[in-house]
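K.L.:
My questions concern the predicted model and sequence given below.
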Amino acid sequence: MAKGTAEKIRKKAMGLTAALVFVGFGAAAASLFHWQVVRGEELSAKALEQSLRSTALPAMRGSIYDATGTKVLAQSASVWTVVLEPAYLAENEALRRTVAVGLSRILGLDEEELYQETGDRSSYYTVIKRKIETDVRDEINRFKEENGIGNGIRLIDDYKRYYPYGTVASNVLGFTGSDNQGLEGLEVYYESELSGSAGRLVAAKNGFGTDMPFEYEQVVEPEDGYNLVLTIDETVQSIMEKYLAEGIEKFKVKNGAVAVMMDVNTGGIIGLAVQPTYDPNDYLTILDKNLLAKIEALPEGEERDEAEGLAQSTQWRNKAVSDTYYPGSVYKMCVGSMGLEEGAITEESQFTCSGGFRVEGMDDPIHCWKTSGHGSETFREGLCNSCNPWFMHIGELLTVPTFCKYRESFGFTSKTGIDLPGESGSLYHDEADMSFADLMVESFGQNFSITPIQMITACASVANGGYLVRPHVVDRIVDNSGNIVKTADTSYRRQVISESTSRTVTDILKQNAASGTARGGYVAGYRICGKTGTSEKVAKHNEDLAKDPSAQMTYIASYCGFAPAEDPKYALLVFFDEPDGDENGGFTGGNAVAGPIFSAMMQEILPYLGVEVEYSDDEYNEMYTVSPKVVGLSITDAQAALQEQGLKYNIVGDESDWDNVVVEQIPESGSTVPKDGMVVLYTSGYDMDDALVEVPDFSGSGLVNASYLAAECGLQISVNGSRDEGTVVMMQATPAGDKVKKGTVITLTFAEELNTETYVHIN
Amino acid sequence: MPAAGRTARGLSRVPERPRDSSRDSSREQRQRTRRRTPRRRKMKFALFSLGSGMDMPLFVFVMVLLAIGLVMLFSASYADSYYREGNSYHYISRQAGFAAFGVAVMLAASAVDYHHYHKLALLVTGVTVIMLLMVLIFGRVLGIQSIAPSEGVAYRWLNLGVQFQPSEIAKFALILLFAHMISIYADKMDTFRYGVLPFVGVLGMFAALVFLENHMSGTLIILALGAIMMFVGGTKPRWFVIGGIALALLLGAYLLLGGKDESGEGGVYQMDRVAGWLDPFGEKSTGPDSNDTWQIKQSLYAIGSGGLFGVGLGQSRQKYMYLPKPQNDFIFAIVCEELGMVGALVIMILFALLVWRGVYVSLHARDRFGTMLGLGLIFQVGLQAVLNICVVTNTIPNTGISLPFFSAGGTSLVMLLGQMGILLNISRSATVERT
């Protein structure tokens, strides 16, 4: 029995041992195989994922330079993001309080909130403040040092975008958001080139979220973005913006304005000014004070937010590429070119304008702006008169298919492809459903919508010998070492019209600017070619009429031209959307509103761009001379020097002794003085009160009146624009009320109101 | 109970084992050795020697496992120890101390004739029961932390100058008492009166006391060990069927009804463990503070990261506060991560060899008491190792059993080494060829 018992024990024990070892360890080994071999990679990847924390290392965004390559329009500067790492703080009550108190003082944050965040271990990184500047960073570092805080407060590199020139070219540049991503303008169009590629810092962290004791750090260095060099010149841009704002103010323009200047041979945009505008450093603030006041007057709430949002998106908008308008009479330079190119007309072709053009199927004839008619006139005269029937006549000769062919060829039916975001397409009648009436109206630029950029591109082709260029804003993209990554395509798309047609139209437009309906844009010495346009906002008018039957027609006043005539280099389009005639004294036409601004811009920009002054004989007679240097001479000598130049003189101060030395002269030496003008000589001890005079308000005065007004105050005038009878001062370079010294030359721009549009309403 | 002791010794004098013919040659020598043993031991003590030395393979397996265990404990614990205790050596220094003390206890125990435990069986049982009761009274009822410290709802510790876990001693007490009883009842083990009733009574008492400590794994081990010893000792198999059914019913009732609040929400934590076992990467595993499922998930991440050959000793990432308490029950996950599947298999093979040698020695013990005592002791080690490794690899639900010689814990290590010492003493008089 006992023997059997022992044997039983042995069998049972061996059985149990075998079961334990083979079943137990066997099952465990099978599990191990499953987890380590079959699913090993998957699990190890997950384990790695949970232990690696990756921090983005921001790349420095590229800068944007103007055409000179020296002026920085947009650049990034280092700032820092303050981050809390609760894993290092949560355990230590006193430390948490210290951190909360210190950071709330430095960063102006709520102490209690900070205190809570230091204890929130559910977060590895808590961003508490972004984009702090160097001084704040230094203060935080000092605070860390003073309190012996190593880990727990971290400063992460970041960049902030600065626009050193403020509002200059803001509608072109755009701006970036809080993550340095482009949101508008070039910043968004060239996002991938500017942004570079962010680097990454991958570090191993333990389960607490703090650093591992051993080194595991992998750094992928960020790659800085490329820089953009624009075709836009900051000086030109600033001049354009200055006069555009002045025009808005002067002519009470309700709906913004655009001025675009293009290098007609390359398509490079040299300046692009837009109103309303904004400061990209502070893009949320509404710059238009009137609009801002209106919005702030609204009660808090949805309506106000909506109005504010609308105002913001309006001021961010680049009206030159995103808005369309009827080009109006400016378009006639293209239609005239079509007629000449097709041989349908010649420069000397005759047509008789009876004041209207009867179109079959329409009750009323389409009127010329001069309802009495221009009578018999050549094409040259017709263009200079901006005679609508002449161009309807050309349209009739061309017929719809040819007209549409050229319209397409000039680029009016497709986007220009300019390197700016949000370019709008144009609206036009398709060839298939274009009626004769449509053709007639389109012939003088009404009833189809194009963008300003399309118009100036077409104008450039009229000017440059017929070549359609590719408009662009960025001349080249360069890396940080200055290597060129990409250059703008300055080749032309196609030839639209022949060189000879181009030259003919150019010559007519030169006459037009000198003595035609576009006299308002004339600049002496610079061979300006120009064409005015006064577009009717018919669609808006009809809409307004439905609401208010007495609604007035509203206009877009534009002026498009180029210079110099013999070898056109620069084209400029200026347009004002809805100058308020009721408020500004009745000026709504292109010549009166856009012309003087065009003239003022050209007057200042062309010399800067190095266009040579060359006066015609007529111009020479009205010329200015250069003031000689007389400071330092005795009154006697100064007088002699001035007389030699045919200049008069006037003395302010002590003139008892003619040996007295001239200490100052106005105009200063080297500046222009009207031919028979005067130089005021100041001798030592002159009385400032005697010397200073207040600039009178010249606006609305004719040339004679203006001269008289100036002489009365001891000032001199310089005439810009047209000197013809009937023209009045549209702009004065020195604002009325300013105190200037006697003898100062005030530049006055003269123009006249010629509303060269007809009233035609087509349903 | 001197009579019992005598009875046991009397029983041991009838060791007629059936031997096959090939082993007959050694029989003579065996009988000679057995007769001579007491005298020789008195004359000369030798660690390993033919005759009265202890079993060399058994000793080597224990020491190798202990050495690997200490190295792995240091590797697994130093990060957690550094971050939580501010000292990388917090666990390893204590564990090394316990190991040194434990080896001393083992060597001492190996020199004490295990027959003395016959007399001590009831005493040890009594003291253990008193200590278990003290834990419950001071800890669970009175809540005196200085005498019976608790961790949450777990009341496992007793502090009488030194702090230890009476439940670890209870395992030994049970093995000792059962070995004693089986050797006394001997041929009567197939009866209900001797072979079932007293055993179930003792087992029930121990299990209930440890269960009330909220020490689920201890209860499980005690029940399993008790059942194994009864089964080997000769209790009729049908009683295990009945017992198993009864236990399953009890367990089912506990899992379904226990711990729920009035609305039927909540439930016992063991249910969460089952859920975590079924879906280790489920939504319950999302936060480190949430529950045991996080531990299982991190354990599997560690095991998976190890692959076939491991990330290298000391190179574990998971021990950096991802795997909670890597020095305790889940130390084997770090072993798998650092040493890979190959290393893990080597350790499992070492455990298997230890168990095999322990069982072999026990079966060749001089008497029934030695056999049963040895089997109980070695099965405890084997059972814990298997259950622990199966938990860590998510083969079975989490039970909270530590890995012998590896997991941090002083009481457990000293008890284990002491128990191995007893086994070594059994080997001294066993009929095993010495190396």
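P.N.:
The structure has been received and is ready for your questions.
K.L.:
Name all residues that make contact with the nearest residue to A:Ala518 once chain neighbours are set aside.
P.N.:
What sits nearest to A:Ala518 in space, not counting adjacent residues and going by C-beta to C-beta, 6 or more residues apart in numbering or on different chains, is A:Gly530, at 4.0 Å. Bear in mind the C-beta positions are built from the backbone N, C-alpha and C, glycine included. Taking C-beta atoms under 8 Å, 6 or more residues apart in numbering or on different chains, we find A:Gly530 in contact with A:509, A:512-513, A:518, A:521-522, A:559-562, A:595, A:598.
K.L.:
Which of the residues you listed sits closest to A:Ala640?
P.N.:
A:Tyr522 (36.1 Å; C-beta to C-beta).
K.L.:
Just to check, that closest one is in contact with A:Met730?
P.N.:
No: taking C-beta atoms under 8 Å as the definition, A:Tyr522 is not a contact partner of A:Met730, at 12.0 Å.
K.L.:
Might you calculate how far the helix or strand the residue nearest to A:Ala518 falls within sits from the centre of the chain?
P.N.:
Assigned by DSSP states H and E, A:Gly530 falls within strand A:529-536. Between the centre of strand A:529-536 and the centre of its chain there are 22 Å (C-alpha atoms, centre = their mean, to the nearest Å).
K.L.:
pLDDT (mean, whole number) over that strand?
P.N.:
Strand A:529-536 shows a mean pLDDT of 89.
K.L.:
distance between the next helix or strand after it and the chain's centre?
P.N.:
Next helix or strand after strand A:529-536 toward the C-terminus (DSSP H and E): helix A:538-547. Mean-position distance between helix A:538-547 and its chain equals 30 Å (C-alpha atoms, centre = their mean).
K.L.:
neighbouring strands for the next helix or strand after helix A:538-547, and are they parallel or not?
P.N.:
Next in sequence after helix A:538-547, counting helices and strands by DSSP H and E, comes strand A:555-563. Strand A:555-563 pairs in its sheet with strand A:529-536 (antiparallel), strand A:570-577 (antiparallel), by DSSP bridges.
K.L.:
can you give me the angle strand A:555-563 makes with helix A:538-547?
P.N.:
Computed by axes from the mean of the first three to the mean of the last three C-alpha atoms, to 10 degrees, the angle separating strand A:555-563 from helix A:538-547 equals 170 degrees.
K.L.:
Buried residues of whichever strand in chain A runs longest, list them for me.
P.N.:
Ranked by residue count and defined by DSSP state E, the top strand of chain A is strand A:72-84. For strand A:72-84, the neighbour count (16 or more other C-beta atoms under 10 Å in any protein chain shown) marks A:72-76, A:79-84 as buried.
K.L.:
need the contacts of A:Gly530 in TSV with distance to A:Ala641, pLDDT and neighbour count, can you?
P.N.:
Converted to TSV, the contacts of A:Gly530 look like this (distance: C-beta to C-beta, whole Å; pLDDT from 0 to 100; neighbours: other C-beta atoms under 10 Å in any protein chain shown):
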residue	distance to A:Ala641	pLDDT	neighbour count
A:Leu509	42	93	29
A:Asn512	41	90	28
A:Ala513	37	89	34
A:Ala518	40	85	37
A:Gly521	37	86	34
A:Tyr522	32	87	32
A:Tyr559	41	93	33
A:Cys560	44	94	33
A:Gly561	39	94	33
A:Phe562	40	95	31
A:Gly595	38	89	35
A:Phe598	37	93	35
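K.L.:
Just name the closest of those to A:Leu109, please.
P.N.:
The closest of the contacts of A:Gly530, once distances to A:Leu109 are taken by C-beta to C-beta, is A:Phe598, at 52.8 Å.
K.L.:
Go ahead and confirm that closest one touches A:Arg519.
P.N.:
No: look at A:Phe598 against A:Arg519 with C-beta under 8 Å: they stay out of range, at 11.2 Å.
K.L.:
Find the residues that touch each one of the two.
P.N.:
Counting by C-beta under 8 Å, 6+ apart, nothing touches both A:Phe598 and A:Arg519.
K.L.:
Give me the mean pLDDT for stretch B:367-385.
P.N.:
In the prediction, stretch B:367-385 has an average pLDDT of 93.
K.L.:
Ok, stretch A:231-251 next?
P.N.:
The pLDDT scores in stretch A:231-251 average 92.
K.L.:
can I get the CA coordinates of it in CSV?
P.N.:
What follows is stretch A:231-251, C-alpha atoms only, in CSV (Å, rounded to 0.1, in the frame of the first residue of the first chain):
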residue,chain,number,x,y,z
THR,A,231,9.6,95.1,-58.9
ILE,A,232,7.9,97.6,-56.7
ASP,A,233,10.1,100.6,-55.7
GLU,A,234,9.4,101.9,-52.3
THR,A,235,9.9,105.5,-53.3
VAL,A,236,7.5,105.2,-56.3
GLN,A,237,5.1,103.3,-54.1
SER,A,238,5.1,106.0,-51.4
ILE,A,239,4.6,108.8,-53.9
MET,A,240,1.7,107.0,-55.5
GLU,A,241,0.1,106.3,-52.1
LYS,A,242,0.6,109.9,-51.0
TYR,A,243,-1.2,111.3,-54.0
LEU,A,244,-3.9,108.6,-54.1
ALA,A,245,-4.8,109.4,-50.5
GLU,A,246,-4.8,113.1,-51.4
GLY,A,247,-7.1,112.4,-54.3
ILE,A,248,-9.5,110.4,-52.1
GLU,A,249,-9.6,113.2,-49.7
LYS,A,250,-9.9,116.0,-52.2
PHE,A,251,-12.6,114.4,-54.4
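K.L.:
what about A:Thr70, neighbour count?
P.N.:
A:Thr70: 8 surrounding residues under other C-beta atoms under 10 Å in any protein chain shown.
K.L.:
wait, I meant A:Arg493
P.N.:
The tally of other residues near A:Arg493 (other C-beta under 10 Å) stands at 18.
K.L.:
what's near enough to touch it?
P.N.:
A:411, A:467-470.
K.L.:
where are the low-confidence patches of chain A?
P.N.:
Residue ranges of chain A with pLDDT under 70: A:1-3, A:208-217, A:617-624, A:723-725, A:753-763.
K.L.:
Which residue does it have closest to chain B?
P.N.:
When scored by C-beta to the nearest C-beta, chain A has A:Leu43 as its residue closest to chain B, at 2.3 Å.
K.L.:
That residue sits in which helix or strand?
P.N.:
Counting by DSSP H and E, the element that carries A:Leu43 is helix A:40-51.
K.L.:
who does whichever helix or strand comes after that helix pair up with?
P.N.:
With elements assigned by DSSP H and E, the helix or strand that comes after helix A:40-51 is strand A:52-57. Strand pairing for strand A:52-57, determined by DSSP bridges: strand A:199-204 (antiparallel).
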